[in-house]
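> here is a sequence together with a model predicted from it:
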Amino acid sequence: MKNLLKLHEAIAVVLLNKPKRTANTEEIAKEINKRGLYKRKDGKPLPAYQIMMRSKLNNGRYAYQFEYLKGDRVKLG
């Protein structure tokens, strides 16, 4: 089944409902998995490190959308 949302969109959906639009990567991954907002191709649950990779290490591709903070926290820009 094809995802309706891309991973960065699913992260944004979760952060829109958080206080100060900020949450740690573990919280974000749990919420995405619980709500079924994004499914990995291999069918495994989305890990927190994939949230970190998308928000921090993707060559700044999503720097306009996310700010990576101390304590593995991500803020919606």
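Perfect, I can see it now. Residues are numbered from 1 along each chain as shown.

> all helices for the chain, in order.
Secondary structure of the chain by DSSP state H: the helices cover 7-16, 25-35, 48-52.

> give me the helices and strands touching the second one, please.
Applying 3 or more Cβ pairs under 8 Å, 6 or more residues apart in numbering; DSSP states H and E, one finds that helix 25-35 makes contact with helix 7-16, helix 48-52, strand 73-76. To be clear about C-beta, it is placed using only N, CA and C from the backbone, and glycine gets the same treatment.

> any chance of these in a markdown table, plus mean pLDDT, distance to Glu27 and mean neighbour count?
Shown next, in a markdown table, are the helices and strands packed on helix 25-35 (pLDDT from 0 to 100; distance: least, Cβ to Cβ, whole Å; neighbours: other Cβ atoms under 10 Å):
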| stretch | mean pLDDT | distance to Glu27 | mean neighbour count |
| --- | --- | --- | --- |
| helix 7-16 | 97 | 8 | 19 |
| helix 48-52 | 95 | 9 | 18 |
| strand 73-76 | 96 | 9 | 20 |
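
> which ones are touching the most centrally placed residue in the chain?
Using Cα atoms, centre = their mean, the residue of the chain that lies closest to the mean C-alpha position is Ile11, 3.3 Å off. By Cβ atoms under 8 Å, 6 or more residues apart in numbering, the contact set of Ile11 is Ile28, Ile32, Ile51, Arg54, Ser55, Phe66, Val74.
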